[in-house]
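Participant: Dropping the sequence and predicted coords here.
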Amino acid sequence: MKKIHGIVVLVVLLSALISGVQASEASAEEPVPALTLPLPESLVHREYLGLEGISGKTFTLADIKTDILLIELFSMYCPYCQAEAPLVNTFYELARQQSKRGPVVKVIGLGASNSRFEVEHFRKTYDIAFPLFPDEDLSMYEQFGGEGTPGFIGCRYEHGKEPVIVLRQWGGFDTAEAFMDLLLEHADKQ
């Protein structure tokens, strides 16, 4: 009887995991939350995000110079985020290649319930090249409607307009190429 119970529990857990991977188009023209983030200390990260002219110690997501922004919601303690890190790194490299031919795609990460120390530990451990920011109180995660980690929020930027959310995906993705195609499709940039 215990063996059957164990199998049922395993099936339920696997079903929950599989059903947790979902992509959805965001509501029509849902604005990106007006979040304030600390200006990256790294000059490389400032240049990557197009923030060289920003004075002060903070910036908003609307300040980022891009056509499309992918925001990864992760946690240093999430085993799925840890397992997904190499694939997200592959996506980042693909985004850099994509940006050379247009549209420009940038990537950042928000560490859900993670301190600056925890975010830096995740960056070093998984060799993350794109900017990561702590979200210790989960306020940013909640503003994006977080439903677990990893999560991905795709945002479209258009000159003269506020950026809008075009894609939400909870759970990982299969390949960087397929996820790039999905992101471009939702952003109407393909």
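Facilitator: Structure's in. What do you need? All values reported here derive from a predicted model rather than from experimental measurement.
Participant: Run the chain-centre distance for the helix or strand harbouring Lys100.
Facilitator: Of the helices and strands defined by DSSP states H and E, Lys100 is found in helix 79-101. Remark: helix 79-101 is offset 10 Å from the chain centroid, using C-alpha atoms, centre = their mean, to the nearest Å.
Participant: ok, now stretch 58-77?
Facilitator: Stretch 58-77 sits 7 Å away from the centroid of its parent chain (C-alpha atoms, centre = their mean).
Participant: circling back to that earlier point, average pLDDT across whatever helix or strand comes next after the helix holding Lys100?
Facilitator: On the C-terminal side of helix 79-101, the nearest following helix or strand under DSSP H and E is strand 105-112. Regarding strand 105-112, the rounded mean pLDDT is 98.
Participant: counting contacts, what elements does the next helix or strand after strand 105-112 pack onto?
Facilitator: Moving toward the C-terminus from strand 105-112, the next helix or strand (DSSP H and E) is helix 116-125. Identification of packing neighbours for helix 116-125 by 3 or more C-beta pairs under 8 Å, 6 or more residues apart in numbering; DSSP states H and E yields helix 79-101, strand 105-112, strand 132-135. Where you see a C-beta, it was placed from the backbone N, CA and C, and this is true even at glycine.
Participant: what does helix 116-125 contact?
Facilitator: Counting by C-beta atoms under 8 Å, 6 or more residues apart in numbering, the neighbours of helix 116-125 from elsewhere in the structure are 74, 76, 81-82, 85, 109, 111, 114, 128, 132-134.
Participant: Now do that helix against helix 79-101, angle only.
Facilitator: Between the axes of helix 116-125 and helix 79-101, defined by axes from the mean of the first three to the mean of the last three C-alpha atoms, to 10 degrees, the angle is 70 degrees.
Participant: Let me know the average pLDDT across helix 116-125.
Facilitator: Helix 116-125 comes out with an average pLDDT of 97.
Participant: Please apply the same query to stretch 49-66.
Facilitator: For stretch 49-66, the mean pLDDT works out to 93.
Participant: Pull out the buried residues from that stretch.
Facilitator: Across stretch 49-66, burial judged by 16 or more other C-beta atoms under 10 Å covers 49, 51, 59, 61, 64, 66.
Participant: excluding its backbone neighbours, what's nearest the fifth one?
Facilitator: The shortest distance from Ile64 to any residue other than its chain neighbours is 4.9 Å, reached at Leu49 (C-beta to C-beta, 6 or more residues apart in numbering).
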